[in-house]
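Participant: My questions concern the predicted model and sequence given below.
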Amino acid sequence: MFDNDSNYLDQHFLIDDIVIKKFINICNLNKDDIVVEIGPGTGTLTKLIASKVKSLTVIEKDERLKEYLIRIPNIKIIYGNVLDIEIPKCNKIITALPYSIIEPFIYKLTKIYFKELYMIMGSTYVNNVINKKITNLSLLTNTYFNAEKYFDIEPNSFNPEPKTMSSVIKLTKKEKFNELDLIIKSMYEQSDKKIKNALMESLIKIKKITKKESKSIIKSLKLDDELLNHKFEEISNEELKILYEKLSLLYKE
């Protein structure tokens, strides 16, 4: 009865034992790990994680799942929307989030401490990231993180079945950024500003040049005034691709 009602929170519970075991093995858990699991559901993965790590905190939005989670020993449970609460400091995050919140979740990841994230997510997003397709979400991901894809998961491995394929992806925070990454990163951090202003300030900061020099570079990119006057947070994927390709020319030999 509960499973049939789970779509209201866009929940799809992983039920394939082979896939579960494969996913847990990839997470490479050990007794030194401090783990946060986001969206534990009925605790299928939680039980396996808890027995392998130093500590486990789970974050669950749906309090109807309390009856399942309180049976699992040695875990801390936080009820709430992961977008609205503070994610505890940890070295590993494990999750299978609804695709509908992946963009704000990735933004949140850029601002918190963790070392590795293992995530089951829609294959479209994962493949865009791995293939470095220029969309807002994949560029955001690739700017801040190193990404590695492991395997695909068929819809029938979940209950209820999602409409699309899923994939397992690992994200680790980048420690070194090239200059282009730093400029894009700076623009994401000024996403409420017009592109011309965010880009100018980013160039000044990253390239250590004057305002006049930055304006000269922007002019040389020959970007449309309409694009330059958009806020970065409102840019379309098509416009973002144009902007990224123009900026990439600055670093072509």
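Facilitator: Received, thanks.
Participant: just the CA coordinates of stretch 126-134, formatted as CSV?
Facilitator: What follows is stretch 126-134, C-alpha atoms only, in CSV (Å, rounded to 0.1, in the frame of the first residue of the first chain):
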residue,chain,number,x,y,z
VAL,A,126,24.8,11.4,-15.7
ASN,A,127,25.6,11.0,-19.4
ASN,A,128,25.5,14.8,-19.9
VAL,A,129,28.0,15.2,-17.1
ILE,A,130,30.3,12.4,-18.3
ASN,A,131,30.2,13.6,-22.0
LYS,A,132,30.7,17.2,-20.8
LYS,A,133,27.6,18.4,-22.7
ILE,A,134,27.1,22.1,-22.0
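Participant: buried set for that stretch?
Facilitator: Neighbour counts over stretch 126-134 (16 or more other CB atoms under 10 Å) mark Val126, Asn127, Asn128, Val129, Ile130, Lys133, Ile134 as buried. C-beta coordinates here come from the backbone N, C-alpha and C atoms, glycine included.
Participant: what separates it from the chain centre, distance-wise?
Facilitator: 12 Å (CA atoms, centre = their mean, to the nearest Å).
Participant: Identify all contacting residues around that stretch.
Facilitator: Stretch 126-134 is contacted from outside by 135, 137-138, 141-142, 147, 149, 167-169, 237, 240-241, 244-245, using CB atoms under 8 Å, 6 or more residues apart in numbering.
Participant: go on, stretch 62-72?
Facilitator: Stretch 62-72 is contacted from outside by 2, 9, 11, 40-43, 46-47, 50, 58, 60, 75, 77, 79, using CB under 8 Å, 6+ apart.
Participant: if you set the cut-off to 6 Å instead, what comes out?
Facilitator: Residues from elsewhere that reach stretch 62-72 (CB atoms under 6 Å, 6 or more residues apart in numbering): Leu9, Thr42, Gly43, Thr46, Lys47, Ala50, Ile77, Tyr79.
Participant: What are the buried residues along it?
Facilitator: Result for stretch 62-72 [16+ other CB under 10 Å]: buried residues Leu65, Tyr68, Leu69, Ile72.
Participant: Work out the gap between it and the centre of the chain.
Facilitator: 26 Å.
Participant: now the end-to-end length of that stretch.
Facilitator: With CA to CA, to the nearest Å as the measure, stretch 62-72 spans 16 Å from end to end.
Participant: oh, and call the first residue 477 from now on, that's how I've got it
Facilitator: Let's use 477 as the start, then, which means that last one is stretch 538-548.
Participant: How much space separates Gly598 from Ser643?
Facilitator: Plainly put, Gly598 is 8 Å away from Ser643 if you go by CB to CB, to the nearest Å.
Participant: Val529: neighbour count?
Facilitator: Counted with other CB atoms under 10 Å, residues neighbouring Val529 total 23.
Participant: Give me the three-state assignment for it.
Facilitator: Here Val529 is recorded as coil under DSSP: H, G, I helix; E, B strand; the rest coil.
Participant: now swap in Glu624 and tell me
Facilitator: strand.
Participant: pLDDT at it, what is it?
Facilitator: pLDDT for Glu624: 98.
Participant: need the contact list for it.
Facilitator: Applying CB under 6 Å, 6+ apart, the residues near Glu624 are Lys646.
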